[in-house]
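Colleague: Sequence plus the predicted model coming up.
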Amino acid sequence: MRSGWIGLIAMVPLTGMAQNTKSLETAFARALEHNLQLRAGRYRMEVAQNSDDPGMAGLYPRVSATGQVGLQDNDTRLEFANGQPDVEVEGARSYTYGGGLDVNYTLFDGMGSWHTLRQLQTQARIGELEFAALTQNVLLQTASVYYDMASRQEEVRIARENVEISTDRYRRFELAREYGSGSSFDLSSARVDLSNDSLALIVAQSGLRGARRGLDVLMGGGNEPDFSVETEVVYAWLPPDDSLRSLALSADPALLRAYEAEKAAAYASAAAGSAFWPRLDLNAGYDVSVQDNEVGLLLLNQFNGWNAGVGLRWDVFNGNANRIRDQNAELLQQAAQIEAQAQGLNTRTDLENALDVYHSALEGAAVAERNTKAARLNFTRAQELYRLGQVNQSQFREAQLNLAQSESTVFRAHFSAKLAELEVLRLCGLLMTSSGAR
């Protein structure tokens, strides 16, 4: 019996945590460099930035080069009215070739090109803000998984301590039983407690491995398989709540993106309205054309020279397409205005919730730390009395579990407060700054 239980105990890893410990700053740095979402997001941002160009709005002249080469092979018969002998040639060939350089420029289109340029510039800004929001969300997600792993590390530590305590108690009763001074009930109770603590440790270690894999994914993969994280929480200095409220309304990337989207919708509406105006185009070019005939009245026909002109186009009626586009653009502009208002309300609400969680978690952590000190003193006293035989197993076990529960409450409160702090920084646009991102 004894060797079987000692074998079970040996199966539960009791070694310390991995030596390779990553700080939250290290996790942030790896996520910023290797996270797959951010790597893809950078390309999307570059697409928006590349589109911010006057040429994409039609403000530059359009220059095009043309060229052509032709061959005709015909049976030709020529009859002349002046009495000259007829000419008949089989397979007479005629060559044509030429080229040109044309320039077209829109002088006026109802300011549609300028409105389109403003829209493209705003969309480029939206791309930057979307990437900033994505970056902060990835960092916040990384922190959430980081502290989840830290929480599970603490759970493993507490479960390991419980296993060690229960193992010592079980061995004491086993020895006492062998010498005839212990009861089978006490030994059985100690065995049940050791079994429960061992299973709790196995479950905690499994959860820790899962959390480590999740954090590894957010950091882009390729990390050591047994790394650990820091469990000590260092809080940042936060300005007063009123200052944070003002800052969030001026720096939250999601809110700024909503404001820029409202501007883009206004520019799009103005560009749609430009379709009601006439369009004035300027064109110029230089063309060369040569026709070389084996037979005919003209054996060589060649010309080259400049050409220029101005064109005016005004869509008087095109099936109400312009009117419908203009109406839809105005509707989208109104929708963007409402969405900006909604995002402002969401930002205020999210900030108040984060501040409430932050302050409550700090207060809860302070209370939990006091409770843990009392629970630790109570457990130490219970250990002494238990060895003297002045408390029973149930009382000792209750003191042990109370200590474990109070320690768990402490680190969970601190981790919750830290995540709420990071959420506040995110809403105020400061998370990338605090993490070292640029």
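Modeller: Great, that's in hand. No experiment lies behind these values; they were computed from the predicted model shown. Residues are numbered from 1 along each chain as shown.
Colleague: which residues of the stretch 51-200 of the chain score low on pLDDT?
Modeller: Within the stretch 51-200 of the chain, the segments meeting pLDDT under 70 span 75, 78, 80-81, 83, 180-182.
Colleague: again, 50 this time
Modeller: Within the stretch 51-200 of the chain, the set of residues satisfying pLDDT under 50 is empty.
Colleague: can you pull out the helices in it?
Modeller: Counting by DSSP state H, counting those that start in this stretch, residue ranges of the helices within the stretch 51-200 of the chain are 112-178, 184-218.
Colleague: Those: which one's closest to Ser408?
Modeller: Nearest of the helices of the stretch 51-200 of the chain to Ser408, taken as C-beta to C-beta: helix 112-178 at 6.4 Å. (Glycine included, C-beta is placed from N, CA and C.)
Colleague: just the helices of the stretch 51-200 of the chain: most buried one?
Modeller: Most buried of the helices of the stretch 51-200 of the chain, by mean neighbour count (mean count of other C-beta atoms under 10 Å): helix 112-178, with a mean of 20.
Colleague: Now do that helix against helix 184-218, angle only.
Modeller: Helix 112-178 runs at 160 degrees relative to helix 184-218, counting by axes from the mean of the first three to the mean of the last three C-alpha atoms, to 10 degrees.
Colleague: related to what we said a few turns ago, among the helices of the stretch 51-200 of the chain, which is nearest Leu422?
Modeller: helix 112-178 (5.1 Å).
Colleague: if we can go back for a sec, could you provide the helices of the stretch 51-200 of the chain in CSV, with additional columns for distance to Leu38?
Modeller: Listed next are the helices of the stretch 51-200 of the chain as CSV, based on distance: least, C-beta to C-beta, whole Å:
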stretch, distance to Leu38
helix 112-178, 6
helix 184-218, 10
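Colleague: Any idea which of the ones you listed gets closest to Ser360?
Modeller: Per C-beta to C-beta, nearest to Ser360 of these: helix 112-178, 16.7 Å.
Colleague: What is the closest one packed up against?
Modeller: helix 2-11, helix 24-34, helix 36-50, helix 184-218, strand 228-229, helix 253-273, helix 393-427, helix 431-435 (3 or more C-beta pairs under 8 Å, 6 or more residues apart in numbering; DSSP states H and E).
Colleague: by contact count, what packs against the fourth one?
Modeller: Packing partners of helix 184-218 (3+ C-beta pairs under 8 Å, 6+ apart): helix 2-11, helix 24-34, helix 112-178, helix 393-427.
Colleague: Output these in TSV; the columns should cover distance to Phe379.
Modeller: Converted to TSV, the helices and strands packed on helix 184-218 look like this (distance: least, C-beta to C-beta, whole Å):
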stretch	distance to Phe379
helix 2-11	21
helix 24-34	31
helix 112-178	9
helix 393-427	4
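Colleague: nearest to Ala374, of the ones you listed?
Modeller: When the helices and strands packed on helix 184-218 are compared by C-beta to C-beta, helix 393-427 sits nearest Ala374, at 8.0 Å.
Colleague: would CSV of the helices and strands packed on helix 112-178 with distance to Asn74 be doable?
Modeller: Below are the helices and strands packed on helix 112-178 laid out as CSV (distance: least, C-beta to C-beta, whole Å):
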stretch, distance to Asn74
helix 2-11, 97
helix 24-34, 69
helix 36-50, 51
helix 184-218, 72
strand 228-229, 86
helix 253-273, 52
helix 393-427, 78
helix 431-435, 74
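Colleague: lowest-confidence stretch among these?
Modeller: Of all the helices and strands packed on helix 112-178, the minimum mean pLDDT falls on helix 2-11 (a mean of 43).
Colleague: can you list contacts of the helix or strand just after that helix?
Modeller: Scanning forward in sequence from helix 2-11 by DSSP states H and E, the next helix or strand is strand 21-22. Applying C-beta atoms under 8 Å, 6 or more residues apart in numbering, the external contacts of strand 21-22 come out as 223, 227-230.
Colleague: from the residues you listed, which would you call buried?
Modeller: Buried members of the contacts of strand 21-22, counted by 16 or more other C-beta atoms under 10 Å: 223, 227-230.
Colleague: Quick check: of those residues, which lies closest to Ala413?
Modeller: Glu230 (16.9 Å).
Colleague: In contact with that closest one, which residues?
Modeller: Glu230 touches 21-24, 150, counting by C-beta under 8 Å, 6+ apart.
Colleague: could those residues be laid out in a markdown table, adding distance to Ala268?
Modeller: Listed next are these as a markdown table, based on distance: C-beta to C-beta, whole Å:
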| residue | distance to Ala268 |
| --- | --- |
| Thr21 | 51 |
| Lys22 | 46 |
| Ser23 | 46 |
| Leu24 | 42 |
| Ala150 | 47 |
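Colleague: Name the member of these with the most neighbours.
Modeller: Within these, most neighbours by other C-beta atoms under 10 Å means Ala150, with 24 neighbours.
Colleague: Against Asn162, how distant is that residue?
Modeller: Noted for Ala150: a distance of 19 Å to Asn162, by C-beta to C-beta, to the nearest Å.
Colleague: Count residues in the vicinity of Gly222, would you?
Modeller: Using other C-beta under 10 Å, Gly222 has 8 other residues around it.
Colleague: Can you classify it as helix, strand or coil?
Modeller: Following DSSP: H, G, I helix; E, B strand; the rest coil, Gly222 is assigned to coil.
Colleague: you'd agree it is up against Glu33?
Modeller: No: taking contacts as C-beta atoms under 8 Å, Gly222 lies outside contact range of Glu33: 11.1 Å.
Colleague: Pull the contacting residues for Tyr147.
Modeller: 415, 418-419.
Colleague: need these in TSV with neighbour count and distance to Leu194, can you?
Modeller: Shown next, in TSV, are the contacts of Tyr147 (neighbours: other C-beta atoms under 10 Å; distance: C-beta to C-beta, whole Å):
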residue	neighbour count	distance to Leu194
Phe415	22	29
Lys418	23	34
Leu419	21	35
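Colleague: Quick one: residues in contact with stretch 253-265.
Modeller: Identification of contacts with stretch 253-265 by C-beta under 8 Å, 6+ apart yields 118-119, 122-123, 125-126, 129-130, 132-133, 136, 248-249, 329, 332-333, 335-337, 339-340, 342-344, 346-347, 429.
Colleague: Surely Thr116 and Ala272 touch.
Modeller: No: in this structure Thr116 lies outside contact range of Ala272 using C-beta under 8 Å: 10.1 Å.
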